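*Asks:* predicted coordinates and the sequence they were generated for:
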Amino acid sequence: MATLEELTATAQAEIDAKKTANGGDGMFAQVNNDRREFTDAEYDQAVTDLANSKYDEQENGYKRARQEAYLPLAEQLDMQYWDGVNGTTLWADHIEQVKTDNPKPV
Amino acid sequence: MAGSLIKIQETIVSSSTASVSLVGIDSTYDVYKVVISDIQPTTDNRNLLYRVTKSGSSQSDSEYDNAGKSLRTASSFFNSSGNNATSVSFAFSLGNNTGEKANAVLYLFNFANASEYSYATVESNFLDVTPELLGYQGGVVHTVASASDGVNFTLASSDNFANGSTFVLYGLRK
């Protein structure tokens, strides 16, 4: 997995490419109704934010994906009940499928 | 009472914009209200990020705490919380397809008070990238005891807001 420093370097290149001074379309801020291109400090913050987003996605993206994929607790409890009655593995299969579909990065 | 809700600023995104600030909070009112509507990223799967402004500048220090509950239509509810973050979100994984929008109401407390933290209560709803409808209810605090004069909104990964994204600041008359 990439380090935060490596992702910051990637983010820096991406944000630099957006600057109008570098031929990009620019990034713009709207303060009340005044629209202007980012200041240098805002571009620097955009690099930090982008790097943090990349790092967060790398470290925690699979957790959020799993959280979204798990069925509601009521349905999981229903699965466990019927697993007990019928000797099936519906619930364990569901959990395993979610984990398999959204693997922890190594 | 008529005339109690005073509109201070309204910003509607009409061309590529990555950052929107509503500035103008002072001691005129004790409580301010922010209404944001039809928020959409230009790229799929982006979080909306909230920060306060001081002297017009967005504050990205690690001083944001938040706690809230996400109410979901298709899956289990989940808690969202964090301490000492550089921003907070109350609208997650926003989609950019037709009809996938985020809306929120925030009440801002103690913003103009230089000796208090800047609090906000938040409620939002949005269709995420799935798309699934989520509702969020919670609160945010910027734990710096100095006056804040506004709020700032950006999208994760430095994305742009789609045209039509609307941000309004109101004051609640004392």
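*Replies:* Perfect, I can see it now.
*Asks:* what about residue B:122, neighbour count?
*Replies:* 21 (other C-beta atoms under 10 Å in any protein chain shown). In short, each C-beta sits where N, CA and C put it, glycine included.
*Asks:* again with the one 5 residues further on
*Replies:* The burial metric for residue B:127, expressed as a neighbour count using other C-beta under 10 Å, is 19.
*Asks:* then residue A:93?
*Replies:* Neighbour tally, residue A:93, other C-beta under 10 Å: 12.
*Asks:* that one belongs to a helix?
*Replies:* Yes - judged by DSSP: H, G, I helix; E, B strand; the rest coil, residue A:93 forms part of a helix.
*Asks:* low-confidence stretches in chain B?
*Replies:* Residues of chain B meeting the criterion pLDDT under 70: B:1.
*Asks:* the most centrally placed residue in it in helix, strand or coil?
*Replies:* What sits nearest the mean C-alpha location of chain B, by C-alpha atoms, centre = their mean, is residue B:50, with 4.8 Å. Under the three-state scheme (three-state DSSP), residue B:50 adopts strand.
*Asks:* try residue B:32
*Replies:* Under three-state DSSP, residue B:32 comes out as strand.
*Asks:* partners of it in the sheet?
*Replies:* Beta bridges link residue B:32 to residue B:108, residue B:171, judged by DSSP bridges.
*Asks:* all strands for the chain, in order.
*Replies:* If you meant another chain, say so; for now it's chain A. Taking DSSP state E as the test, the strands found in chain A are A:28-31, A:34-37.
*Asks:* chain B was what I was after
*Replies:* Using DSSP E, strands in chain B cover B:5-12, B:19-23, B:31-39, B:46-54, B:57-58, B:64-72, B:78-85, B:88-94, B:102-109, B:118-127, B:133-142, B:150-155, B:166-172.
*Asks:* just those: most buried one?
*Replies:* Neighbour counts (mean count of other C-beta atoms under 10 Å in any protein chain shown) averaged over each of these peak at strand B:150-155, with a mean of 27.
*Asks:* parallel or antiparallel, which strands does that strand pair with?
*Replies:* Strand B:150-155 has these strand partners (DSSP bridges): strand B:19-23 (antiparallel), strand B:46-54 (antiparallel).
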